[in-house]
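Let me see the structure of the following:
(one chain, ligands or ions: 2)
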Amino acid sequence: MGNMFDEIMGRDYVSIFKDKKYLDHKYIPNNLPHRIDQIKVIAKYWIEALYNTSPTNITVFGKTGTGKTAAAKFAMKELKGSSNAKEVFVKTEYIRCTDYTTEYQVIVELCQRMGRDVPDRGWTKHEVMKAFRDIFRRNAFGKNMILIVVLDEIDVLLEKDGDGILYTLTRTENVSILSISNYVDFKKFIQPRVMSSLCDKEVVFPPYNAEQLIDILDDRAQMSFNQNTYDEEVIALCSALAARDEGDARYALDLLKTSGEIAEENGDSKILTSHVSLAKDKIEHNTITDILISLPIQQQRILEALLRLTHENEEITSGKLYDTYQEVCRGDTSVSYRRIFDLINQLELLGIISTNTISKGRGKGRTNIISLQCDSELIEKNILSTY
Ligand SMILES: Nc1ncnc2c1ncn2[C@@H]1O[C@H](COP(=O)(O)OP(=O)(O)O)[C@@H](O)[C@H]1O
Ligand SMILES: [Mg+2]
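Numbering: from 1, shown residues only. Ligands and ions are numbered 1, 2, ... in the order given. Below is the predicted model:
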């Protein structure tokens, strides 16, 4: 027998991927098709910084995968390039609010990135705020420093810690904010007095349609795949599936990458549309699994109860579900009958279950019929083993 590696790497073996990193979520391409208009709007506001005044605050929103993060980072890079060449002192700092989830953490991080010796913990909020404001009091090279803070996924921070961060940043001179949210209604977390000092301009990122996704994928595919390893129909199918879903470029890229991996695992030298279908199933499975394993315990118990009743082929009303749920809890803490409707709603929003209101007949009111929306095996595998 020859050397195993040499055999695998042998002449017949055509590798699909030239460089996988270009299909990675983190990779920011130099060219963002169909987002030029949005980036120009951001640039139009940020240009103020080059004249040494702090720009208008901006809020960007749009669904997942509509290029918000990529566009903001792109705009940051462009601004940096331009300000380096000029005699101005502009800084942009990117903060992902899933990493820094409180006002305190964000301000400490900003201080540290700007070279202040502020410890991660121990200082009072007041001391941290003072250190932050001091940065802007002292002039840098005789000029004011302008700081633009990009707060990505800001809804996470606002929900957890309130709107203090916006209050603090908007009340600090020479600081401008660009916040990014996946949800249009995230402003419900912001109080009117903070809203009025935020005074933001909104930029909306609409979902991509199939043709736009084709343009996006075409570029990335050329960089990632070897020649003759895919046809245009593969790109078109990934784009169509993602456009039908949510217009999500991340999903489209995932589909393309997973299709390539499946083709490679099969030892095929070309990606086929059948690989795309397999990739779609694989990705769907993975997302539901991710959701299931991260569910809070009471919701897991509701799903266990639902699973039991599903196996018994019963018509599942909310009353019946509540009874079985209490059996599942076996004397452990359980939530009230009223609270269970919230939990059911949340599970429905996640697409794991569906509810259907029906009339019980004249004068008898209405009731909810609940059913599972995902593979019951997935639930058995991921829920019952976790607690
Ligand atoms: N117009 C575009 N051109 C090229 N790639 C894009 C474009 N829009 C999004 N992407 C890519 O899609 C993925 C998701 O984009 P991202 O900016 O993270 O979306 P969001 O922040 O809106 O959820 C990233 O890999 C990004 O590079
Ligand atoms: Mg993002």
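
Domain-wise, how is this protein divided?
In the assignment given by automatic domain parsing, the structural domains of the chain cover 36-204, 208-292, 295-382.

And those domains, which one averages the lowest pLDDT?
Ranked by mean pLDDT, these bottom out at domain 295-382, which scores a mean of 87.

Would you format the domains of the chain as a markdown table with distance to residue 25 included?
For glycine as for every other residue, the C-beta is placed from the backbone atoms N, C-alpha and C. Formatted as a markdown table, these follow (distance: least, Cβ to Cβ, whole Å):
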| stretch | distance to residue 25 |
| --- | --- |
| domain 36-204 | 9 |
| domain 208-292 | 6 |
| domain 295-382 | 21 |
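
For those domains, give me JSON lines that also has distance to ligand 1.
Shown next, in JSON lines, are the domains of the chain (distance: least, Cβ to the nearest ligand atom, whole Å):
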{"stretch": "domain 36-204", "distance to ligand 1": "3"}
{"stretch": "domain 208-292", "distance to ligand 1": "3"}
{"stretch": "domain 295-382", "distance to ligand 1": "18"}
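
looking at these, which is closest to residue 16?
In terms of Cβ to Cβ, the element of the domains of the chain nearest to residue 16 is domain 208-292, at 4.7 Å.

if we can go back for a sec, redo the domains of the chain as a markdown table? Include mean neighbour count.
Formatted as a markdown table, those follow (neighbours: other Cβ atoms under 10 Å):
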| stretch | mean neighbour count |
| --- | --- |
| domain 36-204 | 17 |
| domain 208-292 | 19 |
| domain 295-382 | 15 |
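
got a list of what residue 276 touches?
By Cβ atoms under 8 Å, 6 or more residues apart in numbering, the contact set of residue 276 is 234, 237, 238, 241, 255, 259.

Next, format these as a markdown table and append secondary structure and distance to residue 199.
Listed next are the contacts of residue 276 as a markdown table, based on DSSP: H, G, I helix; E, B strand; the rest coil; distance: Cβ to Cβ, whole Å:
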| residue | secondary structure | distance to residue 199 |
| --- | --- | --- |
| 234 | helix | 47 |
| 237 | helix | 45 |
| 238 | helix | 41 |
| 241 | helix | 40 |
| 255 | helix | 40 |
| 259 | helix | 46 |
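
secondary structure element for the residue lying closest to residue 170 once chain neighbours are set aside?
Among residues not flanking residue 170 along the chain, residue 197 sits closest, at 4.3 Å (Cβ to Cβ, 6 or more residues apart in numbering). Using DSSP states H and E, residue 197 falls within helix 192-198.

Check residue 295 too.
Going by DSSP H and E, residue 295 is not in any helix or strand.

picking up where we left off before, and the next element down the chain from the helix holding residue 197?
Next element after helix 192-198 (DSSP H and E): strand 201-204.

on contacts alone, who are the packing partners of that following strand?
helix 36-50, strand 58-61 (3 or more Cβ pairs under 8 Å, 6 or more residues apart in numbering; DSSP states H and E).

now the helices for the stretch 151-300 of the chain?
154-161, 164-170, 192-198, 210-224, 232-245, 249-265, 273-293, 297-311 (DSSP state H, counting those that start in this stretch).

Residue 333: which of the ones you listed is closest?
helix 297-311 (8.4 Å).

No further questions, thank you.
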